[in-house]
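> sequence first, predicted model second:
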Amino acid sequence: MSEQRHSTDRDSAAPRPRLEIAAAFAGQPASFWLASLASLGLIVGGIGPWATAWGYLSLSGTSMHGWRAVMLGVVGLAMLAVYQVRRARLALIVAGVAGAFGAMQAITSLAKINAGGAVTVFGQQYRYLGAAWGLYLVLAGGIALMGSASALVWRASRGPR
């Protein structure tokens, strides 16, 4: 009998799980989760390699402008969290703009790598710089964040379903 009383005391002192938060996240559309993954893609791609020199030397995004992509990914995740809590469409618009900036940054960096990563010797052009997976991940993440945030704005403007 003392064991029953002891377990009852322990049960009453244990914190209750917050099922409301789990239920709120479970009810999100696929575009919300795609936007979240796209933001994480911006973060991982910003840290990952952006270029390879001479085919084997890796240049990380953080040695270039990768921190900007990381910050854009963090802004995207933060705005998705604000939307989750307050249902503010402005947060989704900011997340979409962050995705657009990430895509523009990746396109600009790709153009610079492709334009400046070659040398010509006796009329023959040799490439010594090539784009790496991190830069392509930033590009894909930016485009996906922009598109999925736009889809969420469109869905929110139609009203609750």
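Right, received. Where do you want to start? Residues are numbered from 1 along each chain as shown.
> okay, CA-based contacts and neighbour counts for the rest of this
OK.
> shaky segments in the chain?
By pLDDT under 70, the weakly predicted segments of the chain are 1-26, 117-127, 160-161.
> quick check: longest helix of it.
If you go by DSSP state H, the chain has its longest helix at helix 89-116.
> could you check how far the spatially most central residue of the chain is from L110?
Against the mean C-alpha coordinate of the chain, by CA atoms, centre = their mean, the closest residue is S39 at 1.2 Å. Distance of S39 to L110, computed by CA to CA, to the nearest Å: 20 Å.
> export stretch 78-98 as PDB, just CAs?
The C-alpha coordinates for stretch 78-98 follow below in PDB (Å, rounded to 0.1, in the frame of the first residue of the first chain):
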ATOM      1  CA  ALA A  78      12.700  31.600 -37.200                       C
ATOM      2  CA  MET A  79       9.900  33.100 -39.500                       C
ATOM      3  CA  LEU A  80       8.400  29.600 -39.900                       C
ATOM      4  CA  ALA A  81       8.300  29.400 -36.100                       C
ATOM      5  CA  VAL A  82       6.700  32.800 -35.800                       C
ATOM      6  CA  TYR A  83       4.100  31.700 -38.400                       C
ATOM      7  CA  GLN A  84       3.500  28.500 -36.300                       C
ATOM      8  CA  VAL A  85       2.800  30.500 -33.200                       C
ATOM      9  CA  ARG A  86       1.000  33.600 -34.500                       C
ATOM     10  CA  ARG A  87      -0.300  32.700 -38.000                       C
ATOM     11  CA  ALA A  88       1.200  35.900 -39.400                       C
ATOM     12  CA  ARG A  89       1.500  35.900 -43.200                       C
ATOM     13  CA  LEU A  90       4.200  38.600 -42.900                       C
ATOM     14  CA  ALA A  91       6.500  36.000 -41.400                       C
ATOM     15  CA  LEU A  92       6.000  33.700 -44.400                       C
ATOM     16  CA  ILE A  93       6.700  36.600 -46.800                       C
ATOM     17  CA  VAL A  94      10.000  37.300 -44.900                       C
ATOM     18  CA  ALA A  95      10.900  33.600 -45.200                       C
ATOM     19  CA  GLY A  96      10.200  33.700 -48.900                       C
ATOM     20  CA  VAL A  97      12.300  36.800 -49.400                       C
ATOM     21  CA  ALA A  98      15.100  35.100 -47.400                       C
END
